[in-house]
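# sharing a model prediction with you, sequence too.
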Amino acid sequence: MAVRVLPSTWMKDQVCFLLKLMPQQCQTQYELGKVLQLLVGTEHLFSDGPDVQKLCVLSQILKDTPVAINPAVITSYSAENFQHECRSILEKLKADGQFAVARRVAELAALPVDSLVIEQLAQEMKTLKHTQQWPRKHTRIDFWKKCHEIFKKNSISNRAASSFFSSQVPVVSEHPTEQDDLEERHLLLTLVGHWLAREEPVPLEELEALEKQTWICRITQHARPEETRPSPSQQKSADVELSFDSLADEFSFSKLAALNTSKYLDPNGLPSKEMCENTLDCKERESLNVLVGHLLDGGCVHEASRVCRYFHFYSQDVALVLHCRALASAEASVEDGHSEIRALLPSAVLPEDQESPSVPLRKVHSASSLDSQSFMMAPSTDEVARNLQALTSKCLHGKNYCRQVLCLYELAKELGCSYADVAARDSETMLRTILASQRPDKCRQAQVFISTQGLEPDTVAELVAEEVTRELLTPSEGTGEKQPFNPAESQTFLQLTTVCQDRTLVGMKLLDRIPSIPHGELSCTTELLILAHHCFTFTCHMEGIMRVLQAARMLTDNHLAPNEEYGLVVRLLTGIGRYNEMTYIFDLLHQKHYFEVLMRKKLDPSGTLKTALLDYIKRCRPGDSEKHNMIALCFSMCREIGENHEAAACIQLKLIESQPWEESLKDGVQLKQLLLKALTLMLDAAESYAKDSCVRQALHCKRLTKLITLQIHFLNTGQNTMLINLSHQKLMDCIMALPRFYQVRRLWQALQYNPIVSHSWHPEAK
């Protein structure tokens with residue numbers, strides 16, 4: 001019997017029909033979910049069927065919720081219908097408060113979550129109000145900060161975020177205190193501006209209107225009666241905790257690049273003294289004047305200019321600051337300035353102690369810190385510089401900005417470029433340029449630039465370490481090779497380290513540079529260690545000094561000694577100068593017969609090395625008298641030479657004392673040789689002491705030579721009386737045995753004892 005084969009097309013149609021029919025026959029969402037799981041992977045059978053994979057995921061998301069999938073989306077499936085169904089589901093989930101599930105649905109359907117996130121935050125705010133937590137200040141601060149962070153995390157559209165904060169501005173009037181009301185309103189307006197500034201294109205007019213509103217809050221807050229303002233102790237405690245104002249500072253309008261444009265630096269746009277409008281009352285104008293002064297002192301010149309324009313307010317300091325910049329950048333001349341500014345120029349006389357970062361300066365050392373340094377300004381031959389100095393002298397607030405302008409103007413002249421080019425560069429780039437220049441006064445100029453720009457010590461230290469490393473690694477011109485150590489270069493590097501206020505930071509940055517030094521650049525590594533040690537020594541930073549000594553030991557043992565770089569070993573030793581902690585270098589040089597190199601006088605201008613060398617020989621090589629004498633002679637250390645000769649003579653006398661006098665007399669020749677050797681050494685000791693003006697020691701040795709000479713005379717004449725190495729018990733017997741008074745006197749002078757006087761006054765002697 002033949003088997004009938006069904007047509008494949010008919011079979012496929014029947015399967016598709018069944019697959020579409022099965023989800024429609026499900027009575028519950030559970031059954032629908034199970035069917036969709038079974039149908040996953042059959043999408044290839046449908047030419048225009050539903051996306052089973054997405055429907056299955058949606059079913060899994062909604063399985064623990066009362067929200068059901070509409071069967072119509074399956075029978076008439078399309079991408080638009082699926083998104084429409086997901087929107088409907090979102091509304092139901094939001095109404096039910098299931099925001100986490102709703103977010104998963106929105107992500108699945110690629111729907112924006114803006115309204116969902118905002119609705120969730122609004123619901124949270126209602127909960128806080130219902131639980132009576134909302135009136136608490138820190139609760140609201142945390143909530144607004146959380147809103148910003150959530151918007152940022154979920155990539156909420158800028159307009160939606162700004163609209164949310166804007167909608168909350170009128171609500172803050174419900175708060176109990178006027179102080180909190182103003183601060184919170186200021187914060188919300190600032191957040192609106194922050195998000196609005198992220199729009200493309202930036203709505204400048206809206207931003208300016210918002211900034212004006214924030215300033216109305218600030219002026220009103222400052223103009224309140226003093227008794228209602230927070231006390232200094234309250235302000236200090238508020239600084240420790242997060243406040244509305246501190247949070248608002250994180251999103252300040254002064255940080256918005258869209259508002260900080262050059263048009264706000266044009267002095268022609270400022271209201272003049274005659275044309276200003278009194279839109280504020282007297283108290284508010286006083287408050288605005290104070291606040292604008294704070295802006296100028298903080299370097300917020302753009303914002304100060306904008307505020308003056310918003311309220312048609314005239315500020316002489318703002319006008320002076322903007323005219324300074326306009327003159328320096330050649331955007332305006334003196335004739336183009338306001339009449340009140342032109343009137344200041346002829347009468348502006350600089351005080352003698354006027355501070356300024358102008359290049360032709362003579363520094364007056366007034367304090368150790370850079371902040372307290374003052375500079376005496378020399379008369380400038382440049383008319384623009386003179387006008388800038390005059391305007392700076394008349395400025396009350398914003399004086400430091402004027403000094404920055406003057407500093408950059410002088411710097412631009414020296415670099416041969418325009419003020420605009422120099423001002424466009426960031427402060428770090430300019431400082432790097434100054435440090436890399438070949439000017440002899442670059443360190444002083446860098447210090448002036450740092451003080452006017454307010455660069456952080458950490459940044460300055462990093463740039464100084466970078467420049468020192470660069471110069472150490474740069475080959476000399478003409479030779480293409482790095483030259484050996486030059487004391488003048490060492491002084492230059494030491495001056496570079498003084499550019500930064502915190503020498504400890506410079507030392508740390510120099511040490512951090514060592515691992516990045518190319519392999520084999522041992523000279524550079526050596527100099528970096530020496531400079532770092534100078535920095536740590538200046539600040540008495542013992543931890544840094546210990547790090548340098550450890551690194552020096554590792555460098556010597558692992559690199560310098562194996563490569564026989566004994567010149568660098570000597571440089572490392574003398575550069576650091578901590579000889580007691582670096583005796584291992586003395587041992588190494590002594591072992592490698594390189595010890596004599598340390599005896600070059602140019603290596604030891606301070607005189608500490610020669611003392612360390614002698615101390616090393618005495619402690620570690622006590623028997624090496626040759627080295628001791630060589631060192632002493634090399635450094636013309638006459639006192640040490642005398643001490644050595646005196647000690648050698650005493651050794652000869654001790655050899656005589658080591659056996660009884662009667663035994664020594666039996667070998668008279670040997671005894672005389674020992675005495676003659678002691679005599680010679682003692683004469684040399686007396687001479688050496690005399691050269692170093694050691695009068696007492698020289699006189700003592702001279703007297704001993706006379707006593708030894710007398711002893712030799714006695715032996716030559718057959719007298720066996722012992723004059724040397726006398727004990728206290730034998731002293732009187734010897735004195736009584738001497739036939740001549742001069743002999744007694746010589747013995748007495750040598751031993752610094754007056755037996756005659758003592759004997760004559762003894763009671764028994766009478």
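Nice, thanks for sending it over.

# output the lowest mean pLDDT helix or strand found in the chain.
strand 361-364 (a mean of 33; mean pLDDT, DSSP states H and E).

# can you list the low-confidence ranges for the stretch 201-350 of the chain?
226-241, 346-350 (pLDDT under 70).

# now the helices: where do they sit in it?
Under the criterion DSSP state H, counting those that start in this stretch, helices of the stretch 201-350 of the chain are mapped to 204-223, 232-240, 244-250, 282-297, 301-310, 316-328, 339-347.

# so which of those is the most surrounded?
Mean neighbour count (mean count of other C-beta atoms under 10 Å) peaks for helix 316-328 among those, with a mean of 25. In short, each C-beta sits where N, CA and C put it, glycine included.

# which residues does it contact?
With C-beta atoms under 8 Å, 6 or more residues apart in numbering as the contact definition, helix 316-328 has outside contacts at 265-267, 270, 273, 292-293, 296, 301, 304-305, 308, 331-334, 336-338, 340-341, 344, 384, 387-388, 391-392, 394-398, 401-402, 405-406, 408-409, 419.

# please check those and keep the buried ones.
By neighbour count, with 16 or more other C-beta atoms under 10 Å, these hold 265, 267, 270, 292-293, 296, 301, 304-305, 308, 331-332, 337-338, 341, 344, 384, 387-388, 391-392, 394-395, 397-398, 401-402, 405-406, 408-409, 419 as buried.

# export only the CA atoms of the host helix or strand of Leu614, formatted as CSV.
Taking DSSP states H and E as the criterion, Leu614 maps to helix 608-620. Listed in CSV are the C-alpha atoms of helix 608-620, where the atom choice follows Å, rounded to 0.1, in the frame of the first residue of the first chain:
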residue,chain,number,x,y,z
THR,A,608,82.1,67.1,56.4
LEU,A,609,83.5,64.4,54.2
LYS,A,610,87.0,64.6,55.6
THR,A,611,85.7,64.2,59.1
ALA,A,612,83.6,61.2,58.0
LEU,A,613,86.5,59.6,56.3
LEU,A,614,88.7,59.8,59.4
ASP,A,615,85.9,58.6,61.6
TYR,A,616,85.4,55.7,59.2
ILE,A,617,89.1,54.8,59.3
LYS,A,618,89.2,55.0,63.1
ARG,A,619,86.0,52.8,63.6
CYS,A,620,86.2,50.4,60.7
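
# show me what it packs onto, helices and strands only.
helix 583-591, helix 625-634 (3 or more C-beta pairs under 8 Å, 6 or more residues apart in numbering; DSSP states H and E).

# buried set for it?
Across helix 608-620, burial judged by 16+ other C-beta under 10 Å covers 609-614, 616-617.

# same check, this time on stretch 542-558
Quick answer for stretch 542-558 (16+ other C-beta under 10 Å): 544-545, 547-549, 551-552, 555-556.

# and which of those is nearest Arg503?
If you rank the buried residues of stretch 542-558 by distance to Arg503 using C-beta to C-beta, Gly544 comes first, at 9.5 Å.

# pLDDT value on the closest one, please?
Note for Gly544: predicted pLDDT of 95.

# now His222: how far from Lys654?
Separation of His222 from Lys654 (C-beta to C-beta, to the nearest Å): 91 Å.

# on that earlier part again, nearest to Leu494, of the buried residues of stretch 542-558?
The closest of those, once distances to Leu494 are taken by C-beta to C-beta, is Val548, at 15.1 Å.

# which SSE is that closest one in?
Taking DSSP H and E as the criterion, Val548 maps to helix 542-555.

# what's near enough to touch Ala248?
Ala248 makes contact with 183, 186-187, 190-191, 214, according to C-beta under 8 Å, 6+ apart.

# got TSV for the residues you listed, with distance to Lys137 and secondary structure too?
Shown next, in TSV, are the contacts of Ala248 (distance: C-beta to C-beta, whole Å; DSSP: H, G, I helix; E, B strand; the rest coil):
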residue	distance to Lys137	secondary structure
Glu183	9	helix
His186	14	helix
Leu187	11	helix
Thr190	17	helix
Leu191	17	helix
Thr214	19	helix
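
# of those residues, select the buried ones using a ChimeraX command.
Those of the contacts of Ala248 that count as buried under 16+ other C-beta under 10 Å are selected in ChimeraX with:
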select :183,186,187,190,191,214
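
# wait, which of the contacts of Ala248 is closest to Val569?
Thr190 (61.9 Å).

# give me the distance between that closest one and Asn158.
From Thr190 to Asn158 the distance is 15 Å (C-beta to C-beta).

# nearest to Leu710, of the helices of the stretch 201-350 of the chain?
helix 232-240 (86.7 Å).

# what is the subsequent helix or strand relative to the lengthiest helix in the chain?
With secondary structure taken from DSSP state H, the chain has its longest helix at helix 668-691. Next helix or strand after helix 668-691 toward the C-terminus (DSSP H and E): helix 695-716.

# from the contact counts, what lies against that following helix?
With 3+ C-beta pairs under 8 Å, 6+ apart as the test, helix 695-716 has helix 638-657, helix 668-691, helix 741-751 packed against it.

# just the C-alphas of that helix, formatted as PDB.
Only the C-alpha atoms of helix 695-716 are listed here, as PDB (Å, rounded to 0.1, in the frame of the first residue of the first chain):
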ATOM      1  CA  VAL A 695      98.500  75.800  71.300                       C
ATOM      2  CA  ARG A 696      97.800  73.600  74.400                       C
ATOM      3  CA  GLN A 697      98.400  70.300  72.600                       C
ATOM      4  CA  ALA A 698     101.600  71.700  70.900                       C
ATOM      5  CA  LEU A 699     103.000  72.900  74.200                       C
ATOM      6  CA  HIS A 700     102.200  69.600  75.900                       C
ATOM      7  CA  CYS A 701     104.100  67.600  73.100                       C
ATOM      8  CA  LYS A 702     106.900  70.100  73.300                       C
ATOM      9  CA  ARG A 703     107.400  69.400  77.000                       C
ATOM     10  CA  LEU A 704     107.200  65.700  76.500                       C
ATOM     11  CA  THR A 705     110.000  65.900  73.800                       C
ATOM     12  CA  LYS A 706     112.200  67.700  76.400                       C
ATOM     13  CA  LEU A 707     111.500  64.900  78.900                       C
ATOM     14  CA  ILE A 708     112.300  62.200  76.400                       C
ATOM     15  CA  THR A 709     115.500  64.100  75.400                       C
ATOM     16  CA  LEU A 710     116.500  64.300  79.000                       C
ATOM     17  CA  GLN A 711     115.900  60.500  79.400                       C
ATOM     18  CA  ILE A 712     118.100  59.900  76.300                       C
ATOM     19  CA  HIS A 713     120.800  62.200  77.900                       C
ATOM     20  CA  PHE A 714     120.700  60.200  81.100                       C
ATOM     21  CA  LEU A 715     121.200  56.900  79.200                       C
ATOM     22  CA  ASN A 716     124.100  58.400  77.200                       C
END
